Structures are given as structure tokens and as C-alpha cells.
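>>> structure for the following, please:
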Amino acid sequence: KMCSLLLSEMEKRGIRKNEMTFQSALQCYASSNQTEKCLELWKQVEDKDGSELEIDLKLYTTMLFVLGKFTRSEANETIEGIIEKVDKSGYALDSPYFNCLGMIYSKWGRIEEALGLVKEMKVYGLEPSDGFYGAVLGALNRTGNYQETLKVLDEMVKGGVPFGVYSGSSALWAAGQLHGFKAAKKVMEMLREKNVQMNIRFYSRLMNICYASGTWKDALALLQEMSDDGVKAEDSNLHFTALKMIVREGQWATGIAVFELMKKEGIDPKRACYESLMECQRFLG
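Residues are numbered from 1 along each chain as shown. Sure thing, here's the model as predicted:
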């Protein structure tokens, strides 16, 4: 409501809207998921309603960013209109425009079109962002097409593309789903060599892969690596996964040690952690 009130007051005071006004208002409406307000405001942009407005690529990109927060049915028509206008405009296309469009395509499952944008960017001498690559790899993973994810990963490595959290964690997940824990761990080591900062996203995914295809010793080693990296768990889920593996394989004393480690690190154990600990105590007598 505040955004609408401010726009109304500008009109009452005879203050004409410009590019920054619309950019700020669009992002304000998007942050509160007001799809209709965004679309109404964009119509004003295109009509140049009461504004001193020169629509440029930056403003089109802002609207793409906003529309990416909504569903395909809500935003597709407007996005297609923007693409058509940009194609006819003669603008020198830049990375933010391609990255926004690529992340939208990926979110909507239009993976071939997203990968096509990667190739088009290279023609312009541009490099997709980590968010773009992460969105593409994540979309491939959601379809279960892990082989294609690893193919894109291979192209990124050969092309010297810098990795980040989103692309790296998606690549790690695909390797684990296809080839198991050891393959995922190799991807993690490759990311380390490329100076990607490890965070809880990596460790959570790797622990889940470990639960499916690793050993309790692998789980324990991951907890130690995480501690060495200074990464703090947000809740008890990651430690509980390790605890389940340890108890499953009969390492009762180690299970109790992990439980104590959780408390030492200030992690509140959930009920299932206590139940696992009781299981350990039962076998230890």
C-alpha cells in the first residue's frame, strides 16, 4: 500500500515519474508478490503515462527480474512482449539482461532455451553468472537429467568458467546422484581448487549423498571438514543424518560423541536425535 500511496502523492504534487521511479516501484511491488500491481505499472511504462521516461535495456531487465518472481501463467505474455521489443530495439545486449532471462527460462523448465542463451552470450563475449548456471543445472537436476548436468559442468571446466555456490552445489548433487558419494566428493575438491567458498549448502547436499552411498566414517569426516571450514549448521538436520548413519552401522560410542558435539556447537537436537541416542545407550548398556 505504501508504494501506491507514494506514487499517488507524486501525481498530486505534479512530480513526473522517470526510469528510477519505475524501477523502485516495480521492485517494491514484486517484494510483496503484487503481480497485478506490477503489470499495471508496466503498462504505464509502455504507455509513458505521466512520465519523463526513456525505456532502456536496464528498465527492461528490471522488469524481467521482477517477472521472474511470478509463475509462468502470470508473467509469460509480458515477458514475450519484452523479448520482442528488445530484439527490435538494437540495444547492445548485456550480461544482466541475459542472466535474468536465463534464470526465468530455467525456473520454467525451458532448459533448451536457457542453454541456447549461454551460447548466444558467448557470441557477444559475455559470461553467464553463477546464478544463471546454477539455475540451468538445478533445472536439469529437477528433471533427473544428471548426465546433462555433468555435460554442462564439463563444458564449464573446459571453458574456464568461474564456479560459485549455486552452480557448484548443483554439479555436486548431479555427480552424487549418478555416481555416488566418492564422485560428489571429487567435485567438491575440484571446487575447492577453484577457490569456491564452502558453505552449509554444499555440506547438506554432500551429507545427504553420503547417507545414500557413503559410510559412517565418511559422515564423521564431513562433520570434521565442516568444522575446519568454519561452517556452522543452521539446525540439527545435518548432524542427525550423520547420527543415523553411525547408529545404523552399530557405532554406538561414536553416535554419543556426535550428540555431545552437537550440544557443544550450540545446536538444539530434535526429538529423533534423542531417540537415536537412546538406541546407542541401549546397546552400550
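>>> state the distance from M2 to M198.
Using Cβ to Cβ, to the nearest Å, M2 is found at 40 Å from M198. C-betas here are computed from N, CA, C, even on glycine.
>>> quick one: which of the two has more around it?
For M2 and M198, the more surrounded residue by other Cβ atoms under 10 Å is M198, and the numbers stand at 20 against 8.
>>> tell me who's in contact with that one.
Going by Cβ atoms under 8 Å, 6 or more residues apart in numbering, M198 touches M188, L191, R192, E225, M226, D229, V231.
>>> also V66?
L26, Q27, Y29, A30, C38.
>>> the third one: neighbour count?
Pointing back at Y29 there. The local packing of Y29 (other Cβ under 10 Å) involves 22 other residues.
>>> so which strand or helix has it?
Using DSSP states H and E, Y29 sits in helix 19-31.
>>> on contacts alone, who are the packing partners of that helix?
Helices and strands touching helix 19-31, by 3 or more Cβ pairs under 8 Å, 6 or more residues apart in numbering; DSSP states H and E, are helix 2-12, helix 35-47, helix 57-67.
>>> of the ones you listed, flag the one that's most buried.
Ranked by mean neighbour count under mean count of other Cβ atoms under 10 Å, the helices and strands packed on helix 19-31 are led by helix 57-67, which reaches a mean of 21.
>>> next, the angle from the helix or strand following it to helix 57-67.
Going down the chain from helix 57-67, the next helix or strand is helix 72-89, by DSSP H and E. For helix 72-89 against helix 57-67, the angle by axes from the mean of the first three to the mean of the last three Cα atoms, to 10 degrees is 170 degrees.
>>> what's the helix or strand just after helix 72-89 packed up against?
Next helix or strand after helix 72-89 toward the C-terminus (DSSP H and E): helix 95-107. In this structure, helix 95-107 packs against helix 57-67, helix 72-89, helix 111-123, helix 130-142, with contacts taken as 3+ Cβ pairs under 8 Å, 6+ apart.
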